[in-house]
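Undergrad: this is a predicted model, with the sequence first.
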2 protein chains.
Amino acid sequence: MVMNSSKTDSKIKFILMETSHPGNIGAAARALKNMSLDQLVLVNPKQFPSAEATARASGADDILYNATVTDSLDQALEGCSLVIGTTARPRSLYLPELNPRECAEKIEQEIKQESVQEGDAPDVAILFGREDSGLSNEELDRCNILMRIPTSQEYSSLNLAAAIQVLAYELMMLRGAELKKPIGNSERLYPLATADEMGGFFDHIEKTIVDTGFLDPDNPRQVMRRLRRLFNRAEVDRNEINIMRGILTSIRERIEG
Amino acid sequence: MVMNSSKTDSKIKFILMETSHPGNIGAAARALKNMSLDQLVLVNPKQFPSAEATARASGADDILYNATVTDSLDQALEGCSLVIGTTARPRSLYLPELNPRECAEKIEQEIKQESVQEGDAPDVAILFGREDSGLSNEELDRCNILMRIPTSQEYSSLNLAAAIQVLAYELMMLRGAELKKPIGNSERLYPLATADEMGGFFDHIEKTIVDTGFLDPDNPRQVMRRLRRLFNRAEVDRNEINIMRGILTSIRERIEG
């Protein structure tokens, strides 16, 4: 997995406004740490620190311990350039509205751009509102962009930490952290069977099923083609081919013996 | 936003194995409902129903109320074809490992494909393991594919509901978007074999190779596990399973006759 430096990660501030439930703060810390993010800013949390937050952080207590607690959004936004507000419903705010994927791209662009500059580059801030009422209009006035997570129309409000998880995940996906497509049998411990070995295996099956009477050699239909396709698709390795041939040998010995 | 019918959504089963914390069950219900999903299956939950689950579901109590509770994975998988296991760490299982985005694509392909067929199409199952220890090897043996969420290398274990949220979000993002690349056995003409059919097939192989003397029932080593992984990886369809079972029957008749 390709990881960016912690310096870059630390340029993304997750700002939580007046969070009511300490469990959500802990779960947010965990979601950030899972995705190599570490800047948690709490504006007037109802209860912090709290045992419940620590329990839900589940090993991400360093993020809680290092969290910045402020009593105003102004303080929280110090040093930030791009400010992104989150909302569960469409708002007529004349602000561009991005989904989490577009938002992550925007954030990465911003950070890359800043890093070219001299001096201390501004951070990016993402504002998450209260569990019950979201962000106020005054808070939204501070935002350049809105992020909205696509949801069911009837039930659109995500849990606070779940919304943070979704954006944090998109940021991780974007950073070259995509798993190198091991599609197929790619973590094999043995080399893939060679074409020769596969050919020998298919001959072996064919002889065996002619012997058992399953395959009529004068009317083979599509059977061998289908079996070839099945086993080729499976990307059979050498160990597996040895098992299969061992089975075929045991069958033929039993039949002939 | 383009929404699929609820029928399609209901074909995706989220199966939670032996969940310890009822709060996670509630949060999972909420994550599903947010993303227009509704099939929650609980295998031996430690505590359910529970006030904590209902509190965390926060309005998604209908998903909890309609959740299926079973005492075995077999029951949970009834009627399912594609089975996806989730894991927090790389596992050497000879299974393709997809990230949540690829996984969502795979699931949508599967559902679209099945819906072309006549009759009742199988469901897709996603298995989520225990909070502390994930899925067992026996449970992973039932899977065609693994899903792994890219994370920090040092801190890779997401909260259970957070992992569900990520996949549910990817499924939501995908709807209304065209499917791009086919992954796996996607050009099949027949529906994927169900978990039941695969189970019957593995029993049939096992009996046969015990009969031929290839498998010593007192010392089975890894043979059946390797065969399971080989065939699960191949995403065997119903026609192929019928061919393979026909071959096994012809072998046993020949041996016994």
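TA: In hand now; what should we look at? Numbering: from 1, shown residues only, chains lettered A, B, ... in the order given.

Undergrad: what stretches of the stretch 101-250 of chain A score poorly on pLDDT?
TA: A:113-122, A:176-189 (pLDDT under 70).

Undergrad: show me where it has helices.
TA: A:137-140, A:160-172, A:195-211, A:223-233, A:238-256 (DSSP state H, counting those that start in this stretch).

Undergrad: what angle do the longest one and helix B:195-211 make?
TA: Computed with axes from the mean of the first three to the mean of the last three CA atoms, to 10 degrees, the direction of helix A:238-256 lies at 60 degrees from that of helix B:195-211.

Undergrad: what about helix A:238-256, near chain B?
TA: Yes. Residues of helix A:238-256 are located near chain B by CB under 8 Å from any CB of the partner chain, namely A:239-240, A:243, A:246-247, A:250-251, A:253-255. Placement of C-beta: from N, CA and C, glycine included.

Undergrad: looking at those, state which has the most neighbours.
TA: residue A:251 (28 neighbours; other CB atoms under 10 Å in any protein chain shown).

Undergrad: if we can go back for a sec, adding distance to residue B:96, write the helices of the stretch 101-250 of chain A out as a markdown table.
TA: As requested, the helices of the stretch 101-250 of chain A are exported to a markdown table (distance: least, CB to CB, whole Å):
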| stretch | distance to residue B:96 |
| --- | --- |
| helix A:137-140 | 43 |
| helix A:160-172 | 20 |
| helix A:195-211 | 20 |
| helix A:223-233 | 11 |
| helix A:238-256 | 15 |
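
Undergrad: ok so, going back, closest to chain B among the residues of helix A:238-256 next to chain B?
TA: residue A:250 (3.7 Å; CB to the nearest CB).

Undergrad: what's residue A:72 in contact with, if anything?
TA: For residue A:72, the contact set (CB atoms under 8 Å, 6 or more residues apart in numbering or on different chains) comprises residue A:43.

Undergrad: against residue B:158, how distant is residue A:32?
TA: As judged by CB to CB, to the nearest Å, residue A:32 and residue B:158 stand 11 Å apart.

Undergrad: tell me which of the helices of the stretch 101-250 of chain A sits most buried.
TA: Most buried of these, by mean neighbour count (mean count of other CB atoms under 10 Å in any protein chain shown): helix A:160-172, with a mean of 28.

Undergrad: what helices and strands are in contact with it?
TA: strand A:12-17, helix A:22-34, helix A:100-116, strand A:123-128, helix B:22-34, helix B:160-174 (3 or more CB pairs under 8 Å, 6 or more residues apart in numbering or on different chains; DSSP states H and E).

Undergrad: now do it and helix B:100-116, the angle between them.
TA: Going by the same axes, to 10 degrees, helix A:160-172 makes 100 degrees with helix B:100-116.

Undergrad: could you export helix A:160-172 as CSV, CA atoms only?
TA: C-alpha atoms of helix A:160-172 as CSV (Å, rounded to 0.1, in the frame of the first residue of the first chain):
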residue,chain,number,x,y,z
LEU,A,160,-21.8,11.4,12.7
ALA,A,161,-18.9,8.9,12.9
ALA,A,162,-20.3,7.0,9.9
ALA,A,163,-20.2,10.2,7.8
ILE,A,164,-16.6,10.8,8.9
GLN,A,165,-15.7,7.2,8.1
VAL,A,166,-17.1,7.6,4.5
LEU,A,167,-15.0,10.7,3.7
ALA,A,168,-11.9,9.3,5.5
TYR,A,169,-12.3,6.1,3.4
GLU,A,170,-12.5,8.1,0.2
LEU,A,171,-9.4,10.0,1.1
MET,A,172,-7.6,6.6,1.7
